[in-house]
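>>> Just to be clear, the model below is a prediction. Sequence and coordinates:
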Amino acid sequence: MRRAAQSLSSAVRSPPLLRLLRPYPAQAPSGDDLLPLRTRGFVRRFSSSLKEEDEIALEEEAQKKAAWLFKSIFILTAGFAAYQFFPYMGDNLLHQSISLLRVRDPLFKRMGASRLTRYAVDDERRMRVVEMGGAKELLNVLQAATDDKTRKETLKALVALSKSDEAARFLHQAGAVPIVSSISNSSEFAEVETHKTSLLEKFEKIKS
């Protein structure tokens, strides 16, 4: 009996059996496991919605950059074409240039005014601008302009037109004097004052 008890005790103390009888360590629950099922579902949905918002924001930013890229390409291409061909352009391109003055973006208004300045190189072309409504549109742009860059380009185009006495008379009759006189001088662009003075002197000259 004693021998049987000793052999049972030694068997229990043997390493293989002790390893089998030893309890496995409990694994620490993860953060998600500690949350109730409903809370876990809400956290996953909230995380997913944040990812979707980030993706939408990235897409919008990419679209804005692409729009600016296309706009820059258009401006560079149009500027090169204008420099090369505008003194020789026909009525269709002249009409397009005047149409730019009606666009809400000041950048396109300045482009239209700059094109007309390069086009008005002789009295015949200056009067063509007047006949197609370009002189009146330039006065509208000048009156509504809110930045000195637009005022400068518009005044420059009006000076180019006023080199024709007939075009200058049209501008005078269209109310150019009070519009030009109301323009404040610019601390950034001295040309604003120069063009303004030139126009007012021209209007005084044709009156006498």
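Structure's in. What do you need? Residues are numbered from 1 along each chain as shown.
>>> Show me the helices in the chain, by range?
2-12, 15-21, 31-34, 37-85, 91-100, 106-119, 123-131, 134-144, 148-162, 165-173, 176-181, 191-207 (DSSP state H).
>>> Does anything pack onto the last one? Which helices or strands?
Taking 3 or more CB pairs under 8 Å, 6 or more residues apart in numbering; DSSP states H and E as contact, the helices and strands that helix 191-207 lies on are helix 148-162, helix 165-173, helix 176-181. Using the backbone N, CA and C atoms, a C-beta is placed for each residue, glycine as well.
>>> what's the first one packed up against?
For helix 148-162, the elements it packs on are helix 106-119, helix 123-131, helix 134-144, helix 165-173, helix 176-181, helix 191-207, judged by 3+ CB pairs under 8 Å, 6+ apart.
>>> Check the last one too.
Contact partners of helix 176-181 among helices and strands, from 3+ CB pairs under 8 Å, 6+ apart: helix 134-144, helix 148-162, helix 191-207.
>>> as a whole number, average confidence for the last one?
Which is helix 191-207. The average pLDDT within helix 191-207 is 93.
>>> Local confidence estimate at the spatially closest residue to V192 that is not a sequence neighbour?
Distances taken as CB to CB, 6 or more residues apart in numbering place S186 nearest to V192, at 4.1 Å, with adjacent residues excluded. You'll see S186 listed with a pLDDT of 91.
>>> wait, S186 sits on K196?
No: distance between S186 and K196: 9.6 Å, which falls outside the contact criterion (CB atoms under 8 Å).
>>> Between the two, which has more neighbouring residues?
For S186 versus K196, the count of surrounding residues by other CB atoms under 10 Å is larger for K196: 23 against 16.
>>> Which residues are in contact with the more buried one?
Going by CB atoms under 8 Å, 6 or more residues apart in numbering, K196 touches 155, 180-181, 183, 185.
>>> Near Q63, how many other residues are there?
10.
>>> any idea how far the closest residue to L116 other than its chain neighbours is from P106?
Leaving aside its sequence neighbours, L116 sits nearest to A157 (CB to CB, 6+ apart; 4.7 Å). Distance of A157 to P106, given as CB to CB, to the nearest Å: 14 Å.
>>> more crowded one of these two?
The neighbour count for A157 versus P106, taken as other CB under 10 Å, is higher for A157 (30 against 17).
>>> which residues of the protein score low on pLDDT?
1-59, 62, 65-66, 68-72, 74-90, 208 (pLDDT under 70).
>>> can you pull the contacts of F189?
F189 is in contact with 148-149, 151-152, counting by CB under 8 Å, 6+ apart.
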